[in-house]
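> below are the sequence and a predicted model for it; my questions follow.
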Amino acid sequence: MTLFIKRPNDQGMEITHATAPWKQWFADYGPKLLLCARQWTRSLADAEDVVQEAFVRYWRHQRDLPGDPQALLITSVRRAALDLARRNSRRTAREEFADGGLDEIVAVFAPLPGEGDERRQEIEVALRRLPSEQREVLVLKIWQELTFEKIGEVLAISPNTAASRYRYALAALRKELEPLCHG
Amino acid sequence: MDESLQNLENELKRLRPSVPSAQLLARLDAEFAAPEIARDRSRANGAGGRLIMGPWLNWRMAAAAAAVVAFSTVVITSRQSLRHDPVAPTTELPVAVAVALPVKPAEVPVARAANLASTNDRYHPVGATSVLYDFKEDSPVARTTSTPTRRVRYRYVDTYTWKNPATNASLKWSLPRDEVRVIPASLH
């Protein structure tokens, strides 16, 4: 649950999501939300639209609500993505929600220096090949650091299902990727 | 989980998601540029941005809203009848005698409409549909004028939809409507 941790600011005071200006908050956590949104949309532009819609709604209307704000925000992103997919499907009936996802070849991770970047690209390609239901669990577990229970809540599946999808995803990635040689 | 999966997991964790584009930040900046006006207004009425159906509505507002809705209904009806005239092809164009008999809407929907139209500008109309589900000859051919005519009763369900883009909440209002048309008849 690292999305909403308290952390000291420059003056040594603690700021929380409730008091921090949105820009600071978004600079810290926007990339993770965008990565989530990419799992449920077809393009980077769509993902940014979805993040904007969900974040504005959260910041204006929902951040004072009780409960886990992280799950709320991710659920909100997912719903916005579903709404967008429905609107798009009305325009083009052949498009489906999250059909493979990440259709657009745009890097979802920040470039790494040197040879590490080649490895990053390999991982991105391997991620794209994963079934969408496995990939979304992997993203929520690795980069949102949600527990399987929380993932289950967000995706409306049981924690056991989330855990098994996560294991399948890792195993499939391992098959795709050459093991990284250390030293 | 075996060691190779553990290593892979750690490797994945080292990757950092890409930062959002400058355009997204600019859009958010614009969105939050004047946020407090709307927020304060919603807090002042205690709604937290939600629609209130309250007893504070007075009859004057309800009447004004009903007038707006009735006007919209007439406009929509006339447009649709121009586009989809269901008169049989053997007849000529209808005589300009179209009687709209809207069913009197219940008081609660009127109050909702009043709220929507006058006080809560966050809900925007996003759709209006009119479904013709029945039509029949209402009476035998009448000979009130020199031209033989017949009366046809069309029965519609009109549905209006409002949506609040901020919360994604939506409100639908459906009401039945009967329309009687007197149209020239061809007698052979």
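Received it, and whenever you're ready, just let me know what you need.

> contacts, neighbours, all on C-alpha from now
Noted.

> please enumerate the strands of chain A.
A:7-8, A:14-15 (DSSP state E).

> buried stuff in the helix or strand containing B:L8?
If you go by DSSP states H and E, B:L8 is part of helix B:3-13. Buried residues in helix B:3-13, defined by neighbour count with 16 or more other C-alpha atoms under 10 Å in any protein chain shown: B:8-9, B:12.

> pLDDT on it, on average?
Across helix B:3-13, the average pLDDT comes to 87.

> please save the CA atoms from it in PDB.
Listed next in PDB are the C-alpha coordinates belonging to helix B:3-13 (Å, rounded to 0.1, in the frame of the first residue of the first chain):
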ATOM      1  CA  GLU B   3      14.100 -18.800  -7.200                       C
ATOM      2  CA  SER B   4      13.900 -18.000 -11.000                       C
ATOM      3  CA  LEU B   5      10.400 -16.700 -10.600                       C
ATOM      4  CA  GLN B   6      11.600 -14.700  -7.600                       C
ATOM      5  CA  ASN B   7      14.400 -13.200  -9.700                       C
ATOM      6  CA  LEU B   8      12.000 -12.400 -12.500                       C
ATOM      7  CA  GLU B   9       9.700 -10.700 -10.000                       C
ATOM      8  CA  ASN B  10      12.500  -8.600  -8.700                       C
ATOM      9  CA  GLU B  11      13.600  -7.700 -12.200                       C
ATOM     10  CA  LEU B  12      10.100  -6.500 -13.000                       C
ATOM     11  CA  LYS B  13      10.000  -4.400  -9.900                       C
END
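
> which elements pack onto it?
helix A:132-142, helix A:159-176 (3 or more C-alpha pairs under 8 Å, 6 or more residues apart in numbering or on different chains; DSSP states H and E).

> make a markdown table from those and add mean neighbour count, distance to chain B and mean pLDDT to it.
Shown next, in a markdown table, are the helices and strands packed on helix B:3-13 (neighbours: other C-alpha atoms under 10 Å in any protein chain shown; distance: least, C-alpha to the nearest C-alpha, whole Å; pLDDT from 0 to 100):
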| stretch | mean neighbour count | distance to chain B | mean pLDDT |
| --- | --- | --- | --- |
| helix A:132-142 | 22 | 6 | 92 |
| helix A:159-176 | 18 | 7 | 92 |
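
> what about the longest helix along chain A, near chain B?
Looking only at chain A and at elements set by DSSP state H, the helix with the highest residue count is helix A:69-91. No. Helix A:69-91 lies out of reach of chain B by C-alpha under 8 Å from any C-alpha of the partner chain, never closer than 9.0 Å.

> give me the buried positions along that helix.
A:69-82, A:84-86.

> for B:S174, helix, strand, or coil?
strand (DSSP: H, G, I helix; E, B strand; the rest coil).

> nearest residue to it in space, please, no chain neighbours.
Leaving aside its chain neighbours, B:S174 sits nearest to B:T159 (4.2 Å; criterion: C-alpha to C-alpha, 6 or more residues apart in numbering or on different chains).

> do B:L15 as well
A:F109 (6.4 Å).

> can I take it that B:V19 is in a strand?
No. Using three-state DSSP, the assignment for B:V19 is coil, not a strand.

> ok, the residue lying closest to it once chain neighbours are set aside - contacts?
Nearest residue to B:V19 in three dimensions, chain neighbours excluded: A:P31, at 4.8 Å (C-alpha to C-alpha, 6+ apart). With contacts defined as C-alpha atoms under 8 Å, 6 or more residues apart in numbering or on different chains, A:P31 is in contact with B:17-20.

> which bits of chain B sit near chain A?
Counting by C-alpha under 8 Å from any C-alpha, chain B comes close to chain A at B:4-5, B:8-9, B:12-13, B:15-20, B:24, B:27-28, B:31-32, B:35, B:39, B:48-49, B:166-167.

> follow-up on the earlier one: show residues contacting the helix holding B:L8.
A:142-143, A:170-171, A:174.

> out of those residues, the closest to A:Q52 would be?
Checking the contacts of helix B:3-13 against A:Q52 by C-alpha to C-alpha gives A:W143 as the nearest, at 19.3 Å.

> show the pLDDT at the residue positioned nearest the centre of chain A.
Nearest to the centroid of the C-alpha atoms of chain A, with distances taken as C-alpha atoms, centre = their mean, sits A:C36, at 1.7 Å. Note on A:C36: pLDDT of 90.

> with adjacent residues omitted, what lies nearest to it?
Looking at A:C36 with C-alpha to C-alpha, 6+ apart, the closest residue is A:V139, at 6.8 Å.

> now do the contacts for A:A156.
Contacts of A:A156 (C-alpha under 8 Å, 6+ apart): none.

> that one and A:E149, how far apart?
Separation of A:A156 from A:E149 (C-alpha to C-alpha, to the nearest Å) stands at 10 Å.

> how near is A:A71 to chain B?
Look at A:A71 and chain B: by C-alpha to the nearest C-alpha, to the nearest Å, they are 17 Å apart.

> burial measure for the closest residue to that residue other than its chain neighbours, as a count.
Among residues not flanking A:A71 along the chain, A:V154 sits closest, at 6.3 Å (C-alpha to C-alpha, 6+ apart). Per other C-alpha atoms under 10 Å in any protein chain shown, the neighbour tally for A:V154 reads 20.
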